[in-house]
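A.B. asks: Sequence and predicted structure, then a few things I'm wondering about:
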Amino acid sequence: MRDLEKALQQEQINLEPKKIKKLEEYIALLEKWNRVHNLTGAKSREKIIENIIDSIYPITFIAQPKNLLDVGTGAGFPGMILAIAWDEAAVVLAEPLNKRASFLRFVASSLDLENISVFKERVEKLEHSPFDLISSRAVTDTKLLLDLTKNLANTKTQYLFYKGSRVFNELESLKLKYDIIQKNKRNYLWIKSDDS
């Protein structure tokens with residue numbers, strides 16, 4: 001457990017012990033499932049911890065929302081990790097691939113994460129009232145993500161997109177109110193609501 005705790009401390013991410021324990025349990029489940037189902041390219045414990053840190057870092061600059069939609073959660077990055085950190089937020093994980101959606105449901109059940117629901121379809125088929133926060137990592141470009149989720153957003157919705165270096169090109173043609181927080185080769189694109 002020390003290496004996860006140490007990585008969190010290095011990034012000044014303060015989590016309660018029970019949440020760190022749930023992250024440890026998540027790591028164990030992902031390592032086990034990944035050997036059989038090839039859910040993610042993060043094969044080693046070290047790589048999984050890197051992905052956890054990448055996923056969880058935004059809790060240092062974004063307040064816990066009432067609800068969150070994560071588009072294309074995959075094996076749980078970032079949606080499952082944010083759901084563990086923000087355990088009072090209602091979190092919808094949209095993941096169309098069956099084996100990944102099954103894994104996400106299994107983790108939510110095994111870890112008693114009652115704040116999570118898994119939607120096993122493409123996000124544009126989801127019917128839901130507007131979310132406070134919509135997140136996504138490495139799914140598609142910013143404009144398409146905004147288009148795909150426009151029926152799930154309103155003027156109060158904020159977005160958190162985990163981006164690489166291309167984010168600056170993607171933003172050139174878009175008129176948005178945003179911040180980019182750079183950390184560990186990651187560009188966190190935080191699109192503010194019209195009201196903020």
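C.D. replies: Yep, that arrived. None of the values given here were measured: they were computed from a predicted structure.

A.B. asks: okay, CA-based contacts and neighbour counts for the rest of this
C.D. replies: OK.

A.B. asks: Give me the neighbour count for D132.
C.D. replies: 21 (other Cα atoms under 10 Å).

A.B. asks: residues touching it, list them.
C.D. replies: Counting by Cα atoms under 8 Å, 6 or more residues apart in numbering, D132 touches 65-68, 153, 156-158.

A.B. asks: Just the buried subset of those, please.
C.D. replies: Applying a neighbour-count criterion of 16 or more other Cα atoms under 10 Å, the buried members of the contacts of D132 are 65, 67-68, 153, 157-158.

A.B. asks: Dump the contacts of D132 into TSV; add pLDDT as well.
C.D. replies: Listed next are these as TSV, based on pLDDT from 0 to 100:
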residue	pLDDT
P65	97
K66	98
N67	98
L68	98
A153	96
K156	95
T157	97
Q158	97
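
A.B. asks: and of those, the nearest to L39?
C.D. replies: L68 (22.4 Å; Cα to Cα).

A.B. asks: element containing the closest one, please.
C.D. replies: strand 67-71 (DSSP states H and E).

A.B. asks: residue closest to the middle of this protein?
C.D. replies: The chain has P78 as the residue nearest its centroid, 2.2 Å off, counting by Cα atoms, centre = their mean.

A.B. asks: Next one, pLDDT for it please.
C.D. replies: Predicted confidence (pLDDT) for P78: 98.

A.B. asks: Nearest residue to it in space, please, no chain neighbours.
C.D. replies: The shortest distance from P78 to any non-neighbouring residue, by Cα to Cα, 6 or more residues apart in numbering, is to S55 (4.5 Å).

A.B. asks: Enumerate every residue touching that neighbour.
C.D. replies: With Cα under 8 Å, 6+ apart, S55 has these contacts: 77-79, 81-82.

A.B. asks: among these, who's most crowded?
C.D. replies: G79 (29 neighbours).

A.B. asks: For the residue of the chain positioned farthest from its centre, pull up the helix or strand it's in.
C.D. replies: In the chain, the residue that sits farthest from the middle, by Cα atoms, centre = their mean, is S173; the gap is 25.3 Å. Using DSSP H and E, S173 maps to neither a helix nor a strand.

A.B. asks: what's the pLDDT at the residue nearest to P78?
C.D. replies: pLDDT, S55: 97.

A.B. asks: Name the helix or strand for it, please.
C.D. replies: helix 45-56.

A.B. asks: Quick check: buried residues in that helix?
C.D. replies: 48-49, 51-56.

A.B. asks: which stretches of the chain form strands?
C.D. replies: Ranges of strands in the chain, per DSSP state E, are 67-71, 90-94, 116-119, 133-137, 158-163, 178-183, 186-191.

A.B. asks: and the contacts of S55, which of them are in helices?
C.D. replies: 79, 81-82 (DSSP state H).
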